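In: Sequence first, then the predicted structure:
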Amino acid sequence: MATLQDPIEMAAPAFSGPRWRSLRKVIRANGLHALLLPLMLLWISPLVWIVVTSLKSRTEVFDPNAGFLPAVLNFSNYPAALAVAPFGTYMLNSILATGGILLGELITITLAAYAFARLNFPGKNILFTLFLLQIMFPIYATFITNFLTVRELGLVNSLPALVVPFIASGYGTFMLRQAFRQVPTELADAARLDGCGHFGILWHVYLPLVKPTLIAFSIIAVVTHWNDYMWPLLVTNSEQVRTLPIGLGLLAKSDSGADWTRLMAATVVVVSPLLLFFVVFQRRFVDSFMHAGLK
Amino acid sequence: MVISPAFRARFSEAALAYCLLLPSLVFLAAFTYWPIVRSIYFSFHDVMLGSDKIFFLGLENYERLWTDKLFWKSLGNTVFYTLITIPCAIACALLLAVALDSKLRGMTFYRSAFFYPVMIPSVAAGMVWVFLYAPGYGPINSALAALGLPKVEWLYDARWALPAIMFMSIWKYSGYFMLILLAALQLVPRDLYEAAKLDGVSAWHRLIHITIPLISPTLYFVVIIGLLHSYQIFDYVYVMTQGGPADATNVLTFYIYQNGFQYQDIGYASTLANILLLFVGGLIGLIALVFGRRVHYLGH
């Protein structure tokens, strides 16, 4: 945060002195901060609000005369939030569902991307188009009939229901195919001469070389599916299979705005795993979203 | 008949390829293409949730669309949301990306501050904004009151509810688009800017005539991502307004949900889902047609 106060400190001597040229220089150098700082404050205010409210007492929220910060730090909202709903189960389900999707996706896209990148077969272009078109048909447009399929398979209200629609990934296949194509064919040829088959080459040559792409894809996949809301909402109806976002939504519904402090404490619990990961692996996250784009 | 070794090699390569594609194809077929085929089939039938009976209706479901005022309203809301939110979010993202594409102090912090909303689950984001928009004690109204401005009922006011959700969406996605644009900006050769600066080209004209043309492929890509993310408005509507007040925030995805799960009318819900696919697909096609050829590919 120290850097954010610098513009003011630097600007102060310039204002007092008669050196207008240096004043202009300062404004030019810090004009960007003047633009970005208010926007940044606007952007982080919801997060600040969540944290601050989670530490308030119930009456403070509705009291117009209460200050922005809580009078006393009230940590009791956290145990209260964790007690009203089985957040441990939700967390476990979130981990299992997201992990299942990621594992499934990594397997399917690795196999398919290798075929598209390095093998020749009839119908390649048509099949590749079918893969890519999937990006245009997200679950939000097909959930009605997908729900019927999942119900006919007898999967409603089970963890596999949360996973199966997302196992195949057209975009992941596309990303990984691009990465595989960057790998020099000489490396694969050398491995073949050493007696490696297709799977050996894939495992020992291709996968280690496209690690950055795999990581980027995994990060985007985890962020997307950890936060999934609509589909889990439709296919779960008991505590045993609900995920964190669904649990949070239920809590909000049952509270209906009566207890914002507890709800905000629950929100902190739900948003913090990903935000913590983001803070720790910031560069990786930023690089992934920068260069891999969409999910 | 003699099979040549070359043919055999080609055949085994193709067989291997199909085996490798099989796992993906099974899931693609079951959860992407079969639902679409089925939804087209259902749109010509009377299908109820929880009932095995199916009656052929012909075009009745589609005729119903014409007279269904709520359908037109939800379509209008979807169009309004999409056509305002995406350009605003992209403009905002471009502004941020250009501002951050320099050796600025605190750059990493700024970048994270604008990006973090992407990490927050849509349900949590929606809920927090319900709180922020709360009519009586909500901080936004408190701030308005402090500035001497009239209070607004936001999510309870039919005029303001959809714009309120749109504003929240811009907050949620701008950082995402900003990052992608930032990656593109870093590839623009610095000397182009320097040369233009020496020629006395203003910052605004540099943006319009150098930056935007050079990153146009990425902008095009961001527009498509934006369109696909706009589907997610379902989550916000579900959490924040349930389509209200007076259907002011009822959008196609939510109306499909209402018809399918609340009224259990799968046939009509499928018809609506087909319209949604046509709308988004059409929009993407239109954008590809208008901008696809014009985008400037750096170095290609």
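Out: Noted; the coordinates are in hand.
In: rest of the way, CA atoms for contacts and neighbours
Out: Will do.
In: Helix, strand or coil: sort out the residue most central in space within chain A for me.
Out: Closest to where the C-alpha atoms of chain A average out (C-alpha atoms, centre = their mean) is residue A:223, at 1.9 Å. What DSSP: H, G, I helix; E, B strand; the rest coil gives for residue A:223 is helix.
In: which residue sits closest to it, ignoring its sequence neighbours?
Out: residue B:119 (6.4 Å; C-alpha to C-alpha, 6 or more residues apart in numbering or on different chains).
In: ok, that neighbour - contacts?
Out: A:223, A:227, A:271, A:274, A:275 (C-alpha atoms under 8 Å, 6 or more residues apart in numbering or on different chains).
In: picking that back up, thought residue A:274 was touching the residue nearest to the centre of chain A, still the case?
Out: Yes - when contacts are counted by C-alpha atoms under 8 Å, residue A:223 is listed as touching residue A:274 (7.4 Å).
In: confidence score at the residue nearest to the centre of chain A?
Out: As predicted, residue A:223 sits at a pLDDT of 90.
In: Residue A:3 too?
Out: 39.
In: Tell me which helix or strand comes right after the helix or strand where residue A:201 lies.
Out: Taking DSSP states H and E as the definition, one finds residue A:201 inside helix A:198-201. Heading C-terminal from helix A:198-201, the first helix or strand you meet, by DSSP H and E, is helix A:207-209.
In: Tell me the buried residues in stretch B:54-67?
Out: B:61, B:62, B:65 (16 or more other C-alpha atoms under 10 Å in any protein chain shown).
In: Sort out for me which of the residues you listed are in helices.
Out: In this view, the buried residues of stretch B:54-67 that belong to helices under DSSP state H are B:61, B:62, B:65.
In: Just give me the closest of these to chain A.
Out: residue B:61 (15.8 Å; C-alpha to the nearest C-alpha).
In: Distance of that closest one relative to residue B:258?
Out: 16 Å (C-alpha to C-alpha, to the nearest Å).
In: is stretch A:101-120 up against chain B anywhere?
Out: Yes - residues of stretch A:101-120 contacting chain B under C-alpha under 8 Å from any C-alpha of the partner chain: A:108, A:109, A:111, A:112, A:114, A:115, A:116, A:119, A:120.
In: Tell me, how many residues neighbour the second one?
Out: Residue neighbour count, defined by other C-alpha atoms under 10 Å in any protein chain shown, stands at 27 for residue A:109.
In: Quick check, it in contact with residue A:166.
Out: No - here residue A:109 does not reach residue A:166: they are 11.6 Å apart, not a contact under C-alpha under 8 Å.
In: isn't there a helix covering residue A:196?
Out: No - Residue A:196: not assigned to a helix; according to three-state DSSP it is coil.
In: what about it, how many neighbours?
Out: 17.
In: One more: residue B:254?
Out: 22.
In: And for residue B:177?
Out: That count, for residue B:177 with other C-alpha under 10 Å as the rule, works out to 29.
In: remind me which residues of chain A are low pLDDT?
Out: A:1-29, A:64, A:255-258, A:291-295 (pLDDT under 70).
In: Kindly list the longest helix within it.
Out: helix A:20-54.
In: Indicate whether it makes contact with chain B.
Out: Yes - applying C-alpha under 8 Å from any C-alpha, one finds that helix A:20-54 is in contact with chain B at A:32, A:36, A:40, A:43, A:44, A:46, A:50.
In: Need those in CSV (columns: distance to residue B:54).
Out: Listed next are the residues of helix A:20-54 next to chain B as CSV, based on distance: C-alpha to C-alpha, whole Å:
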residue, distance to residue B:54
A:32, 63
A:36, 58
A:40, 55
A:43, 50
A:44, 52
A:46, 48
A:50, 49
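In: Of those - the most surrounded one?
Out: residue A:50 (24 neighbours).
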